[in-house]
Structures are given as structure tokens and as C-alpha cells.
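Chemist: Would you be able to build a 3D model of this:
(one chain, ligands or ions: 1)
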Amino acid sequence: MKVFITREIPETGISLLQKKGFDVSVYKKDEPIKRNQLLKSVKNCDGIISLLTDKIDKEVIDSMKRCKVIANYAVGFNNIDVDYAKSKGIIVTNTPDVLTDSTADLAIALVLTCARRILESEKFVREKKFAGWKPKLLLGVELRNKYFGILGAGRIGTETAKRAHSFGCKILYYSNSKNEYLERQLSARKLSLRQILLKSDIISLHLPLNAKTKNLLNQKMLNLLKPEAILVNTARGEVLDEEYLIKMLKRKAIFAAGFDVYQNEPKLNKELFNLKNAVLLPHIGSATNEARNKMSLLAAKNIFAVLLGKSPLTPV
Ligand code: DGY
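Modeler: Okay, here's the model as predicted:
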């Protein structure tokens, strides 16, 4: 059976599939696969491993003549028309859990980078401006006793909350359902989106992108933030009104923002580059050797489970 992988991923999953006897082909260029090439490549394969940069829409799904499983190499799956795939009898899987720690680590790294003005400080030293210790040099803020608002209290949100709690933050969360762990272990409080935005000193986004969360943090919601607030996004850029957030950062209506994801990724709003109070990362939430190896393995396991007639490990 043929498996197509839309870009090179760590060997772990590829060699597992080969060991199991699958005929694996990988798109080798170090760039997202072109649309025409994708449409052609998925035609005769039984399973595909796709990336979050591949738009697996109706047209792509219709061109799959015998595909039974699309294993997305990401926890997010907003790049796939899941309902349509399901209507065609194709199972869609993702890679939850294995990237939770990496992404939560990065969310906290962004918070600390914003809070302690790490980028400005680093640049200051490289520009040879460091002329000795100064009482008021590059003052930032501490995390202890700050209200830390988690938007989306799933796996990554929960791990981020645990880390924030260990820094002495008071956890607030916004979620459809009650998170027993957060409430019992971290004394977290579940609040409405409005209340969280009004009260939090730090906001970390962990919502999946879907019709309900798209532009959830619109202009009206962003205006609720405190002037000293820090907002970090390791989820999806489209969850917030990026253009308006940039305007707020420009007029210092909040303290700082950390971006790992963007509205029109990989195209970035040029205004971002001029902001001193923004930290800009290239979507590296899951970019650790540990996570990426496990993602590769999990995607492969999902493929062979389905193709060998078993249940997928992590269907969406
Ligand atoms: C995902 O897996 O959805 C993440 O965005 C990867 O960093």
C-alpha cells in the first residue's frame, strides 16, 4: 500500500512505515508542496501524512481515489475539511499529547521574554550599549501574583497553566467545559471571556481554530485588556484580530505580545517588524526533537492502524 508524505519529517515514522512494508514516497523539496503536485501525488495513495501548511480541501479530497486515512502532522487540523473527508469515508488523525510539553514550554518562554524584555535587553548588549548596572535599566514585571488567563483549557492550556502556577501566578481559564484538574490542583477559576480579558495580567491562547473561535478576540474583546497586559499566542493567528492588536501595541495600549503564529502565515504584517513590544517567532511551538520525532511516529502509527483495519490511535 502506498503512503505519501507531503514534506520531509523526522525519520522515525518513515522508517516504521517502511518496516511495515508500505511503499512510502516523500515530497523532497524544502518548501510546501505546490497545489498541482499535491493533487497529483494524493491520487493513488492509500494514506497521506499532511502538514498544517497543506490545504486539504474538497478538491484535494476528491482527487484521492483510494485514500483511507489522512494523518495530519500537527495537533491542529484546521487545514483539513474534516467533515468532507469523513463523508468520503476517510479517517483524519492528528498528533495530540506528544507536543503538549514543547508548546507549553514555548508559551511560557514567550511570556517571560515579554515580561523581562529579553529581546530588547539582548539587542542592547549586542549593540554595545551596556555600560554597567543601572537602577532603572530595562525594567520588566514579575510573574508572582499575576492573574494568568488561559484561553482554551485543553492539554496545552493545562500544561501552560501548571507552569504559570509554579511561577506564582493565579490561574483563570476560559473553556466550554469545567477543567477539574485546574480547579482542584491549581485553584483555577473558570470565567467568561470578557471577565478573563478584563482581569488578566497575562493571557495565553490555546484554542483550536474553528468557526466559533475565528476572530474571537476581536477589536471589542481586545479593548478589554489592561494596559499592563501581556498576550501570547501559540495557537492560531486567526483567533485574534491581528491588525487591531498591532495598533494596540503601537500605541502601547498593552505591555507586550508574543506571537508564534500569525493571521496570514507565513506572510507577516510588516508593521510587526517595527514593534519593540512584540516578540516574533516562526511557528515553533512543537519544534523540539522530542516532539517532532514523536509526531512522526504517531502519524505513522495512525496510518498503519487504519490501513491494517484497526482503529486509529488519535482520530479527530
Ligand atoms: C500544531 O501541531 O498544530 C502546532 O501548531 C505545531 O506547532
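
Chemist: For the residue nearest to residue 169 when sequence neighbours are not counted, grab the count of nearby residues.
Modeler: Spatial nearest neighbour of residue 169, chain neighbours left out: residue 148 (3.7 Å); criterion: CB to CB, 6 or more residues apart in numbering. For every residue, glycine as well, the C-beta is placed using N, CA and C. For residue 148, the count of nearby residues is 28 (other CB atoms under 10 Å).

Chemist: average model confidence for the strand or helix carrying residue 148?
Modeler: If you go by DSSP states H and E, residue 148 is part of strand 147-151. What strand 147-151 shows for mean pLDDT is 98.

Chemist: What strands line up against that strand, and which way round?
Modeler: Neighbouring strands of strand 147-151 in its sheet, by DSSP bridges, are strand 170-174 (parallel), strand 202-205 (parallel).

Chemist: ok, back up a step: gap between the residue nearest to residue 169 and the ligand?
Modeler: 21 Å (CB to the nearest ligand atom, to the nearest Å).

Chemist: ok, what's across the strand from that residue?
Modeler: Under the criterion DSSP bridges, residue 148 forms beta bridges with residue 171, residue 202.

Chemist: Could you list which residues are in contact with it?
Modeler: Residues counted as contacts of residue 148 (CB atoms under 8 Å, 6 or more residues apart in numbering) are 161, 164-165, 169-172, 200-202, 204.

Chemist: got the strands paired with strand 147-151 as TSV, with distance to the ligand columns?
Modeler: Output for these, formatted as TSV (distance: least, CB to the nearest ligand atom, whole Å):
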stretch	distance to the ligand
strand 170-174	19
strand 202-205	11
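
Chemist: Deepest in the core, which of these is it.
Modeler: Burial of the strands paired with strand 147-151 is given as mean neighbour count (mean count of other CB atoms under 10 Å); strand 202-205 ranks first at a mean of 28.

Chemist: Specify the next element, helix or strand, located C-terminal of that strand.
Modeler: Following strand 202-205 in sequence order, the next helix or strand is helix 219-222 (DSSP H and E).

Chemist: now for that next one, which elements pack on it?
Modeler: helix 193-199, helix 242-250 (3 or more CB pairs under 8 Å, 6 or more residues apart in numbering; DSSP states H and E).

Chemist: domain assignment for this protein?
Modeler: For the chain, the structural domains run 2-98+289-307, 100-280, going by automatic domain parsing.

Chemist: And the strands in this structure, which stretches?
Modeler: 2-5, 23-26, 47-50, 69-72, 91-93, 147-151, 170-174, 189-190, 202-205, 230-233, 256-259, 278-280 (DSSP state E).

Chemist: ok, and what's touching the helix ranked longest in the chain?
Modeler: As assigned by DSSP state H, the longest helix anywhere in the chain is helix 289-307. When contacts are defined by CB under 8 Å, 6+ apart, helix 289-307 is touched by residues 1, 3, 9-14, 16-17, 20, 22, 46-47, 49, 68-69, 71-74, 91, 93, 95, 98-99, 101-103, 286, 311-315.

Chemist: 6 Å instead, please
Modeler: Contacting residues not belonging to helix 289-307 are listed as 1, 3, 9-10, 12-13, 16-17, 20, 46-47, 49, 68-69, 71, 73, 91, 93, 95, 98-99, 102, 312-313 [CB atoms under 6 Å, 6 or more residues apart in numbering].

Chemist: Tell me the residues of the stretch 51-200 of the chain that contact the ligand?
Modeler: Residues of the stretch 51-200 of the chain lying close to the ligand by CB under 6 Å from any ligand atom are 52, 74-76, 99.
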